[in-house]
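Trainee: Please work out how this folds:
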Amino acid sequence: MASRESVSFTLEPFDHNLLINGMNEFRNLLLKDERPTEDVDRLLLYLIDRKPRKERRKYFDRGER
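Mentor: Residues are numbered from 1 along each chain as shown. Coordinates of the predicted model:
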């Protein structure tokens, strides 16, 4: 069995929505061709459940500006 690797990256809200829409379009093509969609479904649900986090503001001391 292949080992699982974890990859993480940060997306802007626009890019997050773009990725979800692209995966949904790909899923629709698979359904049209009557091909299995289980892996795409799993990834799509994972992306939908993980909404992008708001970026944290960095606070500096007045002397660091």
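Trainee: chain center to stretch 4-18: distance?
Mentor: Stretch 4-18 has its C-alpha centroid displaced from the chain centroid by 4 Å (CA atoms, centre = their mean, to the nearest Å).
Trainee: So what touches the longest helix anywhere in the chain?
Mentor: The longest helix of the chain (DSSP state H) is helix 13-32. Around helix 13-32, the neighbours that count as contacts under CB atoms under 8 Å, 6 or more residues apart in numbering are 11, 36-37, 40-41, 43-44, 47-48, 51-52. Where C-beta positions appear, they are placed from N, C-alpha and C, glycine not excepted.
Trainee: For those, work out which two are farthest apart.
Mentor: 36 and 52 (28.7 Å; CB to CB).
Trainee: Of the two, give the one with the bigger neighbour count.
Mentor: Using other CB atoms under 10 Å as the criterion, residue 36 and residue 52 rank with residue 52 on top: 13 against 9.
Trainee: got a pLDDT number for the more buried one?
Mentor: Reading off the confidence values, residue 52 has pLDDT 67.
Trainee: and the spatially most central residue of the chain, what does it touch?
Mentor: In the chain, the centroid-proximal residue (CA atoms, centre = their mean) is residue 47; its distance is 4.3 Å. Residue 47 makes contact with 16, 19-20, 23, according to CB under 8 Å, 6+ apart.
Trainee: For it, give its distance to residue 10.
Mentor: From residue 47 over to residue 10 the distance is 13 Å, taken as CB to CB, to the nearest Å.
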